[in-house]
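J.: Could you look at this predicted model? Sequence included:
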Amino acid sequence: MKTNYKIQGTPNSPVLIFSNSLGSEMMMWDELVPYLLPYFRILQYDMRGHGGSEATPGKYTIEQLGEDVIDLMDDLKIETAYFCGLSIGGLIGQWLGLNHPERFEKLVLSNTAAKIGDNERWNTRIDTVTKQGIQAIANETMERWFTEDFRRQNHKRVSEIKAMFLRNNLTGYTGGCAAVRDADFREKVQNISIETLIITGDEDPVTNVESAEYLANKIPYAHLKVLHARHLTSTEIPKEYAQVLLDFLVGDTNYARGMHVRRTVLGNAYVDKANEKINSFNTDFQSFITNYAWGEIWTRPNLSKHSRSLITLAMLIALNRKAEFKLHLRAAINNGVSVSEIKEVILQSAVYCGVPAANEAFASAQELFKEMGIVYENT
């Protein structure tokens with residue numbers, strides 16, 4: 001089965017997988033991504049029968065859709081990941097938590113339930129769209145997905161989401177309806193052993209607060225967060241939603257977030273060694289750089305970590321800080337900066353910082369490349 005996906009972020013960061021709602025494409029998460037890229041590699045994908053993924057014939061099952069996630073992880077050589085699924089994506093998350101707990105660090109089950117609706121509801125919807133087309137339920141779907149205030153104030157975004165919904169492949173959509181209809185985890189969710197966050201909207205008419213509370217009470221290591229939204233909470237309030245994810249997945253303090261980013265950029269070995277050297281004399285300084293440099297500056301969403309690495313290298317060349325330059329050279333490689341890009345930064349610095357500074361930078365870079373076994377002859 002061909003799965004359409006997009007992965008963004010620096011190679012040394014942990015992976016966060018987003019799984020869409022029924023009738024949606026991976027674009028539904030786009031507004032969250034900038035807030036999360038400082039911390040994660042973001043993997044978005046279209047569910048079977050949706051967006052650019054293959055619409056295989058016949059009804060689908062949650063087991064089948066869950067195995068699609070595992071297959072995608074295997075294809076991309078992702079051993080473990082964090083997972084966030086909304087609506088049917090949340091059902092997929094429940095199945096993954098029950099059947100592949102070793103592959104996931106934490107779960108986020110958003111706007112979902114252990115059992116969504118009843119058979120009559122889903123059979124009626126399948127019959128309606130089969131006979132009348134997807135457009136027959138488009139307007140009522142937007143009303144279920146978004147609050148009245150959001151629909152009134154965000155015509156452009158609602159129009160984009162409606163256009164996405166109308167692009168649905170009928171085979172894929174009805175197959176997904178069948179998967180939701182037949183899924184029932186009410187007698188199983190207590191066996192999910194992964195730490196889990198349950199999110200829902202206070203106006204969600206599909207998977208309401210009661211459904212979320214049921215999951216939170218049944219799953220042993222579960223937390224509940226209710227936000228002011230309807231069904232597509234992540235699309236209606238993306239910034240707030242992203243912050244809720246970060247609080248749960250990374251930590252709710254600057255220090256926790258800074259330490260997370262510091263480890264993804266500098267590497268666990270370096271950070272562990274630095275932490276071992278903390279004492280009463282330097283502890284305030286270590287706290288300062290983790291909270292401020294890493295927790296406030298490196299986490300800002302408007303520059304990628306890749307770009308920040310290039311800027312940092314250039315400034316360290318100008319300041320002639322050899323030890324820090326080599327440290328951030330390694331960090332730049334962790335952030336996906338290529339040898340060719342490093343060479344261009346040093347050449348640029350020769351013009352504006354001076355040839356001696358660039359000469360030293362080239363020497364330091366070649367020392368590090370040798371240590372790391374990086375071949376650069378053809379750059």
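T.: Yep, it's here. Residues are numbered from 1 along each chain as shown.
J.: Show the average pLDDT along stretch 246-262.
T.: Averaged across stretch 246-262, pLDDT comes to 97.
J.: Tell me the gap between that stretch and the middle of its chain.
T.: Relative to the centre of its chain, stretch 246-262 is centred 15 Å away, using CA atoms, centre = their mean, to the nearest Å.
J.: do the same with stretch 365-379
T.: 32 Å.
J.: same question, stretch 356-368
T.: Centroid separation between stretch 356-368 and its chain, computed with CA atoms, centre = their mean, is 36 Å.
J.: List the buried residues in that stretch.
T.: 357-358, 360-362, 364-365, 368 (16 or more other CB atoms under 10 Å). C-betas here are computed from N, CA, C, even on glycine.
J.: Out of those residues, which sit inside helices?
T.: 357-358, 360-362, 364-365, 368 (DSSP state H).
J.: Return the closest of those residues with respect to H231.
T.: L368 (50.0 Å; CB to CB).
J.: Correct me if wrong: the closest one contacts L329.
T.: Yes: between L368 and L329 there is a contact under CB atoms under 8 Å: 5.2 Å.
J.: just to revisit the earlier point, how about the ones in helices among the buried residues of stretch 356-368 in CSV, adding distance to G89 and pLDDT?
T.: Converted to CSV, those look like this (distance: CB to CB, whole Å; pLDDT from 0 to 100):
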residue, distance to G89, pLDDT
A357, 51, 95
A358, 50, 96
E360, 51, 96
A361, 46, 96
F362, 48, 96
S364, 46, 95
A365, 43, 96
L368, 42, 93
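J.: could I get those residues as a markdown table with distance to I194?
T.: Listed next are these as a markdown table, based on distance: CB to CB, whole Å:
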| residue | distance to I194 |
| --- | --- |
| A357 | 50 |
| A358 | 49 |
| E360 | 49 |
| A361 | 45 |
| F362 | 47 |
| S364 | 43 |
| A365 | 42 |
| L368 | 38 |
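J.: contacting residues for L215?
T.: 109, 112-114, 189, 196, 198, 222 (CB atoms under 8 Å, 6 or more residues apart in numbering).
J.: Write the ChimeraX selection for whichever of those residues are buried.
T.: Per 16+ other CB under 10 Å, the buried members of the contacts of L215 correspond to this ChimeraX selection:
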select :109,112,113,114,189,196,198,222
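J.: From the contacts of L215, which land in helices?
T.: Taking DSSP H, every one of the contacts of L215 sits outside helices.
J.: circling back to that earlier point, out of the buried residues of stretch 356-368, who's nearest I7?
T.: Nearest member of the buried residues of stretch 356-368 to I7, counting by CB to CB, is L368, at 26.8 Å.
J.: any idea which element F285 lies in?
T.: helix 283-288 (DSSP states H and E).
J.: sorry, back to before: which ones among the contacts of L215 lie within strands?
T.: Of the contacts of L215, the ones assigned to strands by DSSP state E are 109, 196, 198, 222.
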